[in-house]
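Asker: This is a predicted model, with the sequence first.
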Amino acid sequence: IARLARLRDFLWCSDISPFNIAFSYCFSVLTDTCSVPVSEIITVEETEIDEKHYHSGKWQKMAKPYAFTVYYVKRARRHRWRCSHVTFWCTEEGLCNQWIQTLKELLEKLTCRPKHLLVYINPFGGKRQGKRIYEQKVVPLFNLASITADVIVTEHANHAKDSLFEINIEKYDGVVCVGGDGMFSEVLHGLIGRTQRDCGVDQNNPKASLVQCNLRIGIIPAGSTDCVCYATVGVNDPVTSALHIIIGDSLAMDVSSVHHNNTFLKYSVSLLGYGFYGDILRDSEKKRWMGLIRYDLSGFKTFLSHHCYEGTVAFLPAQHTVGSPRDKKSSFHGAECRQKKRLGSEEVEEWKVIQGKFLAINAANMSCACPRSPKGLSPAAHLADGSSDLILVRKCSRLNFLRYLIRHTNQDDQFDFAFVEVYRVRKFQFTSKHVDDEDGDLKDLGKKRFGQICSDHPACCCSLPNSTWNCDGEILNNSAIEVRVHCQLLQLFARGIEETPTQEALS
Ligand SMILES: Nc1ncnc2c1ncn2[C@@H]1O[C@H](COP(=O)(O)OP(=O)(O)OP(=O)(O)O)[C@@H](O)[C@H]1O
């Protein structure tokens, strides 16, 4: 407060012309500790001075003062952003208006900021607070920033996805989803699908080059896990996400397409997991009524059952990327990823093939950091370099697998085990030793061949025929899949995880 007051007094006393700042795009360097880039100003407004204020304190000796208020992004703890404001006073009406005018002109030049948005709210996501979160936390900020929105409260699953194929999206500057990862996935599928349809690209063709989406997606977290939001903003906080949308941040993201037998199945932006993570999801879906605790129970049960799966992984290493999955530095920050070069078509395709028994096969397009695993499944995974980190966990003892899992929660290298391999890849394919039957009805096949043994001995480490793929939290029914990473197919209203500001900067 003292620092802001100093800044305010300085500004009031000095004859700094608004034009001095016009070129610098920096609101203030008046003190060495308080500086707000224009890009982080939310809005500027003329301030009505009430009588009480006017006649109190040091202003009472002045002729009628004039004032304007600047609303700006203030960084709080743990990557949270808040809307803060400071009011500047002066005795000259003309000078005050000049400041307001100049700041407004600077803000007008920021063309990356959205003006009109399409918003989907899932009223049933997470703790069913989506509508309340949007109305109480987001609408006031959008109003302040003069952003208008058409709001659709979804009435059923796939409502948002289907509507994106019908709606006139040309008139919007972005699409916002209020919900969890499932809701984001719906909007993503709608937007990518619509873009491909409009451009005449067949999504069922695994070799087709997909067309990038023009509209950015904003995520207002209101789900159970909010993994994508956490990994791209650093926190799942609705106000922080709304502020990233308002100032028009952009973060490019890779998207993987998943096909089975030349049929498009799904897109994935975070985790594709077979074996351990597929089994957890399959089991937890049966326990939805339990709420979030189902993930812990299914995780524990899946760990005890210790199933491994036999199959062949073929992959195309990503030679174009800088760095490796075992880099020490986390590299999922947006700025760095955005610089990455797109693929050169002259690259020679040299596939590698690995056969074996696996406890888990994971492909991470991003770190997959979450509150429980702050560094994530693959700490150095890049968000937008056209590659995915393919992690193969081979059959090992339960104790070793536990050691591997524990390393996700501490600073030790989780890839430093003889039974763990990690590759940065552009494409990969998986074929189970037990090929999917014609109808994809794996359950029956599994029951016929192995069900008896495994249900009788749930703690054994036998090879079940097939697991399922966990595709960003949704089950895929085919085990044989073909995956291709599409570089920077999507843009989010986010900027990646910023370095934590110092304590001093926060105070
Ligand atoms: N009105 C609705 N009724 C029922 N289901 C809906 C509705 N709107 C959306 N859905 C579906 O609900 C699913 C889950 O929603 P969402 O992701 O928002 O919450 P969540 O599952 O609690 O959070 P998370 O995905 O982060 O764990 C989505 O896959 C979406 O398709």
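Answerer: Perfect, thanks for sending it.
Asker: for the record, mean pLDDT for stretch 310-317?
Answerer: Across stretch 310-317, pLDDT averages out at 95.
Asker: quick one: the strands in the stretch 151-300 of the chain?
Answerer: Here the stretch 151-300 of the chain has its strands, by DSSP state E, counting those that start in this stretch, at 174-179, 216-221, 251-260, 263-268, 271-275.
Asker: Chain neighbours aside, what residue packs nearest to whichever residue of the stretch 1-150 of the chain sits closest to the ligand?
Answerer: At 2.6 Å from the ligand, Gly125 is the closest residue in the stretch 1-150 of the chain, using Cβ to the nearest ligand atom. From N, CA and C alone the C-beta is placed, and that goes for glycine too. Nearest residue to Gly125 in three dimensions, chain neighbours excluded: Gly179, at 3.7 Å (Cβ to Cβ, 6 or more residues apart in numbering).
Asker: What is the neighbour count of Gln159?
Answerer: Slight slip there: residue 159 is His, not Gln. Other residues near His159 come to 16 when the count uses other Cβ atoms under 10 Å.
Asker: what's the distance between it and the ligand?
Answerer: To the ligand, His159 is 6 Å away according to Cβ to the nearest ligand atom, to the nearest Å.
Asker: For that residue, list the residues it contacts.
Answerer: Shown in contact with His159 (Cβ atoms under 8 Å, 6 or more residues apart in numbering): 120, 152.
Asker: Quick check: mean pLDDT of stretch 44-58?
Answerer: Here the average pLDDT along stretch 44-58 is 72.
Asker: let's have the chain start at 485 instead
Answerer: Done: numbering now begins at 485, and the last item shifts to stretch 528-542.
Asker: How about the longest helix along the chain, which residues are buried there?
Answerer: Counting by DSSP state H, the longest helix found in the chain is helix 665-682. For helix 665-682, burial by neighbour count (16 or more other Cβ atoms under 10 Å) applies to 665-680.
Asker: Over to stretch 569-580?
Answerer: The neighbour-count check on stretch 569-580 (16+ other Cβ under 10 Å) flags 569-570, 572-574, 579-580 as buried.
Asker: How about stretch 628-647?
Answerer: For stretch 628-647, burial by neighbour count (16+ other Cβ under 10 Å) applies to 629, 631, 633, 638, 643-647.
Asker: hang on, the earlier thing: can I get the buried residues of stretch 569-580 in a markdown table with pLDDT?
Answerer: A markdown table is the format used below for the buried residues of stretch 569-580 (pLDDT from 0 to 100):
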| residue | pLDDT |
| --- | --- |
| His569 | 93 |
| Val570 | 91 |
| Phe572 | 89 |
| Trp573 | 86 |
| Cys574 | 85 |
| Leu579 | 92 |
| Cys580 | 92 |
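Asker: Could you break the chain into its assigned domains?
Answerer: 486-594, 600-733, 741-969 (automatic domain parsing).
Asker: Quickly compare those and say which is most buried.
Answerer: domain 600-733 (a mean of 20; mean count of other Cβ atoms under 10 Å).
Asker: now it: how far from the chain's centre is it?
Answerer: With Cα atoms, centre = their mean, to the nearest Å as the basis, domain 600-733 stands 11 Å off its chain's centre.
Asker: Touching, Asp897 and Asp811? I think so.
Answerer: No. Contact between Asp897 and Asp811 fails when scored by Cβ atoms under 8 Å: they sit 10.6 Å apart.
Asker: So which residues on the stretch 585-734 of the chain come close to the ligand?
Answerer: With Cβ under 6 Å from any ligand atom as the criterion, the stretch 585-734 of the chain meets the ligand at residues 606-610, 638-643, 663-667, 670, 707-710.
Asker: on that earlier part again, element containing the residue of the stretch 485-634 of the chain closest to the ligand, please.
Answerer: Using DSSP states H and E, Gly609 sits within no helix or strand.
Asker: where's the residue nearest the centre of the chain relative to Ile617, distance?
Answerer: Centroid-nearest residue in the chain: Val712, 3.3 Å away (criterion: Cα atoms, centre = their mean). Separation of Val712 from Ile617 (Cβ to Cβ, to the nearest Å): 17 Å.
Asker: correct me, but Arg766 touches Thr952?
Answerer: Yes. Taking Cβ under 8 Å as the contact criterion, Arg766 and Thr952 are neighbours in contact, 5.2 Å apart.
Asker: any common contacting residues for the two?
Answerer: Common contact partners of Arg766 and Thr952 (Cβ under 8 Å, 6+ apart): Ile959.
Asker: Quick check: bridge partners of the residue of the stretch 785-934 of the chain found nearest the ligand?
Answerer: Of all residues in the stretch 785-934 of the chain, the one sitting closest to the ligand is Cys854 (10.2 Å; Cβ to the nearest ligand atom). On the basis of DSSP bridges, Cys854 takes part in beta bridges with Ser857.
Asker: Tell me the confidence at it?
Answerer: So, for Cys854, pLDDT stands at 78.
Asker: Quick one: residues contacting it.
Answerer: 709, 711, 714-715, 860.
Asker: how close does it get to Asn606?
Answerer: Distance from Cys854 to Asn606, by Cβ to Cβ: 20 Å.
Asker: now swap in Val570 and tell me
Answerer: 36 Å.
Asker: Glu833 too?
Answerer: Taken as Cβ to Cβ, the span from Glu833 to Asn606 is 41 Å.
Asker: for Ser519, helix, strand, or coil?
Answerer: Under DSSP: H, G, I helix; E, B strand; the rest coil, Ser519 falls in the coil class.
Asker: so where's the stretch 685-834 of the chain shaky on pLDDT?
Answerer: Residue ranges of the stretch 685-834 of the chain with pLDDT under 70: 804-806, 812-832.
Asker: from it, which residue is nearest to the ligand?
Answerer: Nearest to the ligand, among the residues of the stretch 685-834 of the chain, is Gly707, at 2.7 Å (Cβ to the nearest ligand atom).
Asker: Leaving out the residues flanking it, which one is nearest to that residue?
Answerer: Nearest residue to Gly707 in three dimensions, chain neighbours excluded: Gly664, at 1.4 Å (Cβ to Cβ, 6+ apart).
Asker: didn't that neighbour look like it was pressed against Ala706?
Answerer: Yes. Counting by Cβ under 8 Å, Ala706 is a contact partner of Gly664 at 6.8 Å.
Asker: what's the overlap in contacts for those two?
Answerer: Counting by Cβ under 8 Å, 6+ apart, the common neighbours of Gly664 and Ala706 are 606, 609-610.
Asker: Go through the buried residues of stretch 569-580 and flag which are in strands.
Answerer: The strands, defined by DSSP state E, take in 569-570, 572-574 from the buried residues of stretch 569-580.
Asker: The ligand next: which of the residues you listed are close?
Answerer: Among those, proximity to the ligand is found for none (Cβ under 6 Å from any ligand atom).
Asker: Just send the residues you listed back as TSV, with distance to Phe842 too.
Answerer: As requested, those are exported to TSV (distance: Cβ to Cβ, whole Å):
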residue	distance to Phe842
His569	55
Val570	57
Phe572	62
Trp573	67
Cys574	69
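Asker: Between the residues you listed, which sits nearest Ile875?
Answerer: Lowest distance from Ile875 to these (Cβ to Cβ) belongs to His569, with 46.1 Å.
Asker: Spatially nearest residue to Arg778 (excluding sequence neighbours)?
Answerer: The nearest residue in space to Arg778 (Cβ to Cβ, 6+ apart) is Lys771, at 3.9 Å.
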